[in-house]
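Novice: Predicted coordinates and the sequence they were generated for:
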Amino acid sequence: MLLAQFIRDAARQLEALYPPGEARSLVARLVEEVQGVKDYVAVLEPSLEAAPELSEGLARLLDGEPLQYVTGVQEFYGRRFRVRPGVLIPRPETEILVREACVHALQLPGAREHGSGALSGPRVLDLCTGSGCIAWSVALEVPGARVVGVDISDEALAVARTQNPAAPPSFPARPGISAPQFIEADVLGGLPELPDGSFDILVANPPYIRESERAAMHRNVLEHEPALALFVPDADPLLFYRAIAGHARRLLAPGGWGMVEINEALGAQTASVFESAGLQNVQILPDFFGRDRFVSFIL
Ligand SMILES: C[S@@+](CC[C@H](N)C(=O)[O-])C[C@H]1O[C@@H](n2cnc3c(N)ncnc32)[C@H](O)[C@@H]1O
């Protein structure tokens, strides 16, 4: 089939699931990732054939699968991250968490001067690391950073450990960059493998959507993204934050800083979990839409 014909047919079929503009843009991104050409090339080269793999990709989109699982890629903090079913697709608001962590990490001794001889840089812990998008982004942005990512899912860890987001086109990597270390562990447990006071920065984007909020969510998230990464019981929606506040108390060095992503409906309650645990300067911070999306604190 000609590429131009594929684009027209695919967009029309996807309009059964998505508004027309979104359907068209999904097809454009599918063509770009799978065939390696921009969609307008179909107009410039009308005799260009569609790559056979496009039909399989379209079938998966028509089944409601997110584009990122079909292409295997999601952009995050300016880099390309691999994703696949079983691993949460990184969301744009989480880039705010990365930016804040990098700003803090770059102010710590050993970050900037690493290339010129310092032996150690900021130690950063990313709990519930998933694809490793936060851990890798901080590791690549902060020279000298030593980053540890923790997750309970071996599927997520297999992806996190084999990410290669520093590869072209994001090269050149700077001196002092090291890959994060990834550990399989239950954040709701004690994390005995991590020594007391061994981190300067703690970040986390844990599961925080209440089961009762399922009804308001898109089908393609509910049917295709891992429930383990998303949901918490209505009876105890802050269980991860209680555990994370305890980890922050034990694992951060004195004066250490932390930030977690949160459920917008539970900002004040989440902040008080950190206050009750004895953390200082607890602040609620907004996302792009002004919603309560993060809590930051210091030890
Ligand atoms: C919301 S996702 C965040 C993934 C990634 N950090 C991001 O921002 O895209 C939450 C992650 O927590 C992990 N997780 C769920 N329960 C966990 C537990 N008890 N201990 C450790 N990780 C857990 C899931 O596997 C998932 O990768």
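Specialist: Nice, I can see it.
Novice: Can you tell me what sits against stretch 159-166?
Specialist: For stretch 159-166, contacts defined as CB atoms under 8 Å, 6 or more residues apart in numbering pick out 76, 79-84, 87, 129-133, 135-137, 140, 149, 151, 173, 177, 180, 182. Where C-beta positions appear, they are placed from N, C-alpha and C, glycine not excepted.
Novice: Straight-line length of that stretch, end to end?
Specialist: 15 Å (CA to CA, to the nearest Å).
Novice: quick one: average pLDDT of that stretch?
Specialist: Confidence for stretch 159-166, expressed as mean pLDDT, is 91.
Novice: All the helices of the stretch 1-150 of the chain, in order from the start?
Specialist: Read by DSSP state H, counting those that start in this stretch, the stretch 1-150 of the chain holds these helices, from start to end of the chain: 3-14, 20-35, 41-44, 53-62, 67-71, 94-107, 133-141.
Novice: What subset of the contacts of stretch 159-166 is buried?
Specialist: Buried residues within the contacts of stretch 159-166, counting neighbours by 16 or more other CB atoms under 10 Å: 76, 79-83, 87, 129-133, 135-137, 140, 149, 151, 177, 180, 182.
Novice: Restricting to those residues, which residues neighbour the ligand?
Specialist: The subset of the buried ones among the contacts of stretch 159-166 within reach of the ligand, counting by CB under 6 Å from any ligand atom, consists of 129, 130, 131, 133, 151.
Novice: for the one residue in the chain that gets nearest to the ligand, what are its contacts?
Specialist: Of the residues in the chain, the one nearest the ligand is residue 130, at a distance of 2.4 Å by CB to the nearest ligand atom. Taking CB under 8 Å, 6+ apart as the criterion, residue 130 is in contact with 87, 88, 90, 151, 153, 156, 160, 205, 229.
Novice: What are the buried residues along the lengthiest strand in the chain?
Specialist: Ranked by residue count and defined by DSSP state E, the top strand of the chain is strand 252-261. Residues 252, 256, 257, 258, 259, 260, 261 are the ones in strand 252-261 that count as buried (16+ other CB under 10 Å).
Novice: Just checking it against the ligand, any contact.
Specialist: No - using CB under 6 Å from any ligand atom, no contact is recorded between strand 252-261 and the ligand, whose separation bottoms out at 6.9 Å.
Novice: That strand versus helix 94-107: what angle between them?
Specialist: An angle of 160 degrees separates the directions of strand 252-261 and helix 94-107 when computed by axes from the mean of the first three to the mean of the last three CA atoms, to 10 degrees.
Novice: Name the strands paired with strand 252-261 and say parallel or antiparallel.
Specialist: Each strand that pairs with strand 252-261, with its direction, by DSSP bridges: strand 199-204 (parallel), strand 292-298 (antiparallel).
Novice: Can I get the longest one in PDB, CA atoms only?
Specialist: Once side chains and other backbone atoms are set aside, the C-alpha atoms of strand 292-298 remain, and they are given as PDB (Å, rounded to 0.1, in the frame of the first residue of the first chain):
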ATOM      1  CA  ASP A 292      -0.900  20.200  43.800                       C
ATOM      2  CA  ARG A 293       1.500  17.700  42.300                       C
ATOM      3  CA  PHE A 294       4.600  17.500  44.500                       C
ATOM      4  CA  VAL A 295       5.700  17.700  48.100                       C
ATOM      5  CA  SER A 296       9.300  18.700  48.900                       C
ATOM      6  CA  PHE A 297      11.100  18.600  52.300                       C
ATOM      7  CA  ILE A 298      14.400  18.600  54.000                       C
END
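Novice: quick check: mean pLDDT across it?
Specialist: Confidence over strand 292-298, taken as the mean pLDDT, stands at 98.
Novice: domain assignment for this structure?
Specialist: Listed domain ranges for the chain are 3-63, 85-298 (source: automatic domain parsing).
Novice: Tell me which of the ones you listed sits most buried.
Specialist: Per-stretch averages of neighbours, counted by mean count of other CB atoms under 10 Å, single out domain 85-298 among those, with a mean of 18.
Novice: Pull the distance from that domain to the chain's centre.
Specialist: Once both centres are worked out by CA atoms, centre = their mean, to the nearest Å, domain 85-298 turns out to sit 9 Å from its chain's centre.
Novice: would you list the helices of the stretch 1-150 of the chain in CSV and tack on mean pLDDT?
Specialist: Conversion of the helices of the stretch 1-150 of the chain to CSV gives the following (pLDDT from 0 to 100):
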stretch, mean pLDDT
helix 3-14, 98
helix 20-35, 97
helix 41-44, 94
helix 53-62, 97
helix 67-71, 97
helix 94-107, 96
helix 133-141, 96
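Novice: which non-adjacent residue is nearest residue 13?
Specialist: Among residues not flanking residue 13 along the chain, residue 62 sits closest, at 6.1 Å (CB to CB, 6 or more residues apart in numbering).
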